[in-house]
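Colleague: A structural model of the following input is requested.
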Amino acid sequence: MNIGVFDSGVGGLWILKHLQQEIPSYNYIFFGDQGHVPYGERSMEEIKYFSLEITKFLISKDCKVIVIACNTASAAALKYLREKFPDVFFVGMEPAIKPAVEITHTGKVGVLATSATFQGELYNSVVERFAHDVEIFKNTCSGLVDQIEKGNFDSMETHNILDQALLPMLEKNIDTVVLGCTHYPFVISSIKEIVGNKVNVIDPTSAIIRQVSRVLTENSLMDISLGEKTIEIFTSGNIKNMKPILLKLFDKDIYVKRIDWNNNLKLNMIK
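Modeller: Here you go, the predicted structure:
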């Protein structure tokens, strides 16, 4: 049995790295849909279709647990995929509004996410359930995903995007920031530098790891295969764009395979 992880691009690699560190006794298969990144500017129907085809591919690779390491794809497709594939265990991303509400003292919370995430039923449901007495300030950080995809974590443009998003929130007296996109932890150090040590920054990674561990335990999904566990990486974009980020995250060179989108996902084994 394998654990699948997918995202619109490289953001899910952050989740993959920490999953592999904390739950190392499984093989992991990652799909980054860099051919369609960013998802945040696409329609929910488009994102649902991409998520469906990626899920089919991961199931064909013997993934019984699939982590949708993308807030936008979770908003568009998590419920649909669970209904479509009842024998597969899906773990999705949910904006961490509840923990933010529990720790805020000012009652003012900032949320950084894509426009598609903010428009999704999942986000609005979480806000409706947990944020009655809290004022939420939203920003889509336009262009930030593109900068992170290029590996520009510390560029002037990246800092400008973060300043434009966060400084107005600080003027409103927020004391908590929710990272509602899996790309954003790559720039968490810059975010913390801007907001200072009196503002909590919530990275959802630890919550995802706990949920995956819970799913594996509760459903007795133990991997008893012997031998060294592997990580397989697939992208629908340019392999060269993913390689530098992989080298930063992992202490070994990982082979990346290219997949072209046609009528179906077709594997094109180009290194």
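Colleague: can you give me the end-to-end distance of stretch 198-213?
Modeller: The straight-line separation of the ends of stretch 198-213 (C-alpha to C-alpha, to the nearest Å) is 31 Å.
Colleague: Tell me where this structure has helices.
Modeller: Under the criterion DSSP state H, the chain contains helices at 11-22, 44-60, 71-84, 97-103, 115-119, 121-130, 144-149, 156-171, 188-195, 205-218, 239-249.
Colleague: Let's have these in CSV, adding mean pLDDT.
Modeller: Output for the helices of the chain, formatted as CSV (pLDDT from 0 to 100):
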stretch, mean pLDDT
helix 11-22, 95
helix 44-60, 95
helix 71-84, 94
helix 97-103, 94
helix 115-119, 86
helix 121-130, 90
helix 144-149, 94
helix 156-171, 98
helix 188-195, 97
helix 205-218, 94
helix 239-249, 87
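Colleague: will you turn those into TSV that also has distance to Gly180?
Modeller: Placement of C-beta: from N, CA and C, glycine included. Converted to TSV, the helices of the chain look like this (distance: least, C-beta to C-beta, whole Å):
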stretch	distance to Gly180
helix 11-22	11
helix 44-60	15
helix 71-84	5
helix 97-103	9
helix 115-119	6
helix 121-130	8
helix 144-149	12
helix 156-171	12
helix 188-195	12
helix 205-218	12
helix 239-249	20
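Colleague: Lys138: which of the ones you listed is closest?
Modeller: Counting by C-beta to C-beta, Lys138 lies closest to helix 115-119 out of the helices of the chain; the figure is 5.9 Å.
Colleague: who does that closest one touch, helix- and strand-wise?
Modeller: Identification of packing neighbours for helix 115-119 by 3 or more C-beta pairs under 8 Å, 6 or more residues apart in numbering; DSSP states H and E yields helix 44-60, helix 71-84.
Colleague: Would you format these as CSV with mean neighbour count and distance to Asn124 included?
Modeller: Formatted as CSV, these follow (neighbours: other C-beta atoms under 10 Å; distance: least, C-beta to C-beta, whole Å):
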stretch, mean neighbour count, distance to Asn124
helix 44-60, 19, 13
helix 71-84, 23, 9
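Colleague: which stretch among these comes nearest Glu149?
Modeller: The nearest among those, by C-beta to C-beta, is helix 71-84 at 14.0 Å.
Colleague: Show residues contacting stretch 114-132.
Modeller: Residues from elsewhere that reach stretch 114-132 (C-beta atoms under 8 Å, 6 or more residues apart in numbering): 38-42, 44, 47, 71-72, 74-76, 78-79, 92, 94-95, 97-98, 101, 109, 111, 113, 136, 138, 140, 145, 180-181.
Colleague: Can you give me the buried ones in that stretch?
Modeller: Thr114, Ala116, Thr117, Phe118, Gln119, Gly120, Leu122, Tyr123, Val126, Val127, Phe130, Ala131 (16 or more other C-beta atoms under 10 Å).
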